[in-house]
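Student: Below are the sequence and a predicted model for it; my questions follow.
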Amino acid sequence: MRLTLRVTLGRTYRRLLPDIAVAALAGPLVVSGVAKVITPAEELDWPLDSGPLAAPGGAKIVGAGELAAAAATLAAPGRFAALAPMGTYAALTVVAHRTKGAKCACFGTARLAAIGRTHIGANASASLIAAAALVAAPGHRHLVRTATALLSAAVTHGVVRALDRRAGKTSGAAAQVCHDPVDSVRLYVSDDCPACRSLKHLLQFMEPARRNAVRTTVVSGEDELPPQLAGLGVPCALGLDTRGEPVCAPVSGIGAVKALVDGVTLGAPAVRRAG
């Protein structure tokens, strides 16, 4: 009797597994899509600056596409349910590879690590899981898919919020203990970073003494950033003392970098130059 029940449950689980797999992939798409759609464009460090998905409207288009893919995953019959997440995550893998090193805007304004190998690997793995589910042929079990997607979305939202809070506490603690004067700023940007161009525009309206306190280094990706800036994404910066040694904690993002430049001690005798 027990053996028969175990075998029956095992077969049922195997039949449900493809539906569970594709629905679990829909959860992150819902959270990511909603975050992009509801976040004002000016608050988002969007990494694309050319083509139809460029800022400022690109985030809304991508977010709507992610929500549409999640809806198709939950509603489509059979193997069609796996096609939407497989294609969506494959496209996100390509985009993550293209924007490697840029600040992550995957979940709106959440303070996450810069786009890197983890993003590329996670998206590629999700696409492969969807491909496996396609081969296994999902059924048409709406209740199972909906319940799984809701659970997946809740877990994704919780993890993103936890990472965002941890990043906020870390940066807040660093700001509180930083009392050293900043003589100059070493700024890191990349050529294909919209936020970097916006920051450059803002710096142009600062007084010359502050602009001259900024030395800019152009990097092509996250791998070229110094170890203390790993994971921050561009634009990011280090405050330096009169000897050129780093002081306080590194910062990233338009607002944080501009605040660092605003805090430069003017009138110091050190010779500065813009990069």
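Tutor: Perfect, thanks for sending it.
Student: And for A162, the neighbour number?
Tutor: A count of nearby residues for A162, using other C-beta atoms under 10 Å, gives 10. All C-beta spots, glycine's among them, are computed from the backbone N, C-alpha and C.
Student: you'd agree V30 is up against L67?
Tutor: Yes - in this structure V30 lies within contact range of L67 using C-beta atoms under 8 Å: 6.6 Å.
Student: Show me which of the two is the more surrounded one.
Tutor: When neighbours are counted by other C-beta under 10 Å, V30 and L67 differ, and V30 comes out ahead with 22 against 18.
Student: Roughly how far does the more buried one sit from A23?
Tutor: As for V30, its distance to A23 is 11 Å (criterion: C-beta to C-beta, to the nearest Å).
Student: Pull up the overlap in contacts between the two.
Tutor: For the pair V30 and A23, residues contacting each of them under the criterion C-beta atoms under 8 Å, 6 or more residues apart in numbering are A149.
Student: tell me which residues in stretch 218-238 are buried?
Tutor: Within stretch 218-238, the residues that qualify as buried by neighbour count (16 or more other C-beta atoms under 10 Å) are V219, G221, E222, L225, L229, L232, G233, V234, P235, C236, A237, L238.
Student: L199 touches S190, doesn't it?
Tutor: No - in terms of C-beta under 8 Å, L199 does not count as a neighbour of S190; the distance is 11.5 Å.
Student: returning to what we had before: biggest separation within the buried residues of stretch 218-238, which pair?
Tutor: Pairwise distances among the buried residues of stretch 218-238 were taken by C-beta to C-beta; the largest, 18.1 Å, belongs to G221 and L238.
Student: how close does the residue most central in space within the chain get to A136?
Tutor: The structure's the chain has its C-alpha centroid closest to C104; by C-alpha atoms, centre = their mean the separation is 2.3 Å. Relative to A136, C104 is positioned 31 Å away (C-beta to C-beta).
Student: Then A21?
Tutor: When C-beta to C-beta is applied, the distance between A21 and A136 equals 8 Å.
Student: Looking only at neighbour counts, state which of those two leads.
Tutor: Regarding A21 and A136, a neighbour count based on other C-beta under 10 Å identifies A21 as having more, with 21 against 16.
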